[in-house]
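Enquirer: The sequence and its predicted three-dimensional model are supplied below.
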Amino acid sequence: MNNKIVDKLHPVTLVGGGAVGEGDLQAALALAPTCVAADSGADTALAAGVELTAVIGDMDSISAAAQSRLPVDIQHKIPEQMSTDFDKALRNISAPLVIAVGFSGLRIDHQLAALHTLLMRPDVPCLMLGAEDIIFVCPRRFDLPMGAGTRVSLFPMGPVMGRSTGLEWPIDGLSFAPDGMSGTSNRATGDLHLEMDHPAMLCILPRRFMAAVAESLAAQPASARWPARAGLHRDPLQS
């Protein structure tokens, strides 16, 4: 039985309380029309005139004005303090893809926490939108049409190995780790193909690939996706 707070067959936009650039929310909603807020992301959505399906978080930063404007039944308070609002939201969304807006910029500690959440929830395909880049956990297999010279950055959040075609500096046989080798500022030689042996590699691409990457991630069958990490926090409603 699926007991997620939000259960959709199409991609979902998740808005956080971080920096949201002009046009960011609209760009995400064009690809993922259902909007969910993580705590104070509700203020951002309301200010943009965007209808919210749910607000999820510990509710310690959403404004009183936003709370009063929103129906009580879409406000889902999860009071535990062992995880971020981003994590609380991701683990309660079932969708082919989540496009996360407002989780980069402003505070560096919030950005690091957001990247940590991507790593801890690899079973939830999530594309995080930044000012110039998009970031996502590389799937087991990933293919994307790409022109020669395109910047492709790979950053390990844990030990991981992989294979590639279409990179100027192939990654085959290399052992990546946060305290070892990284793969930032690589370049494409043509269409990109990546394979990873573990859900620990962040792929960072120019923002213009947002729609193509979103389509690729959303189309992946469940059998091709990473499993949920064992032993992570579960809300009472998911027991």
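Expert: Looks like it came in fine.

Enquirer: Give me the pLDDT value at the closest residue to residue 201 other than its chain neighbours.
Expert: Leaving aside its sequence neighbours, residue 201 sits nearest to residue 138 (CB to CB, 6 or more residues apart in numbering; 4.4 Å). C-beta coordinates here come from the backbone N, C-alpha and C atoms, glycine included. Residue 138 carries a pLDDT value of 97.

Enquirer: residues contacting residue 138?
Expert: 154, 162, 194, 196, 199, 201-203 (CB atoms under 8 Å, 6 or more residues apart in numbering).

Enquirer: any idea where the helices of this protein begin and end?
Expert: Under the criterion DSSP state H, the chain contains helices at 24-31, 41-47, 64-69, 85-90, 108-120, 210-219.

Enquirer: domain parsing for the chain?
Expert: Here the domain assignment for the chain is 8-131, 141-196, based on automatic domain parsing.

Enquirer: The closest residue to residue 143 other than its chain neighbours: how many residues sit nearby?
Expert: Closest residue in space to residue 143, ignoring its immediate chain neighbours: residue 193 at 5.2 Å, by CB to CB, 6+ apart. Residue 193 has 15 neighbours, counted by other CB atoms under 10 Å.

Enquirer: What of the one 4 residues further on?
Expert: Counted with other CB under 10 Å, the burial measure for residue 197 works out to 12 neighbours.

Enquirer: Quick check, central residue of this structure?
Expert: In the chain, the centroid-proximal residue (CA atoms, centre = their mean) is residue 126; its distance is 3.0 Å.

Enquirer: Now do the contacts for the residue lying closest to that one once chain neighbours are set aside.
Expert: In space, and not counting its chain neighbours, residue 126 is closest to residue 98: 4.5 Å by CB to CB, 6+ apart. Residues in contact with residue 98 (CB under 8 Å, 6+ apart) are 11-14, 32, 90, 124-127.

Enquirer: Mind doing that once more with 6 Å?
Expert: Counting by CB atoms under 6 Å, 6 or more residues apart in numbering, residue 98 touches 12, 14, 126.

Enquirer: Longest strand of this structure, counting residues only.
Expert: Identified as the longest strand of the chain according to DSSP state E is strand 183-196.
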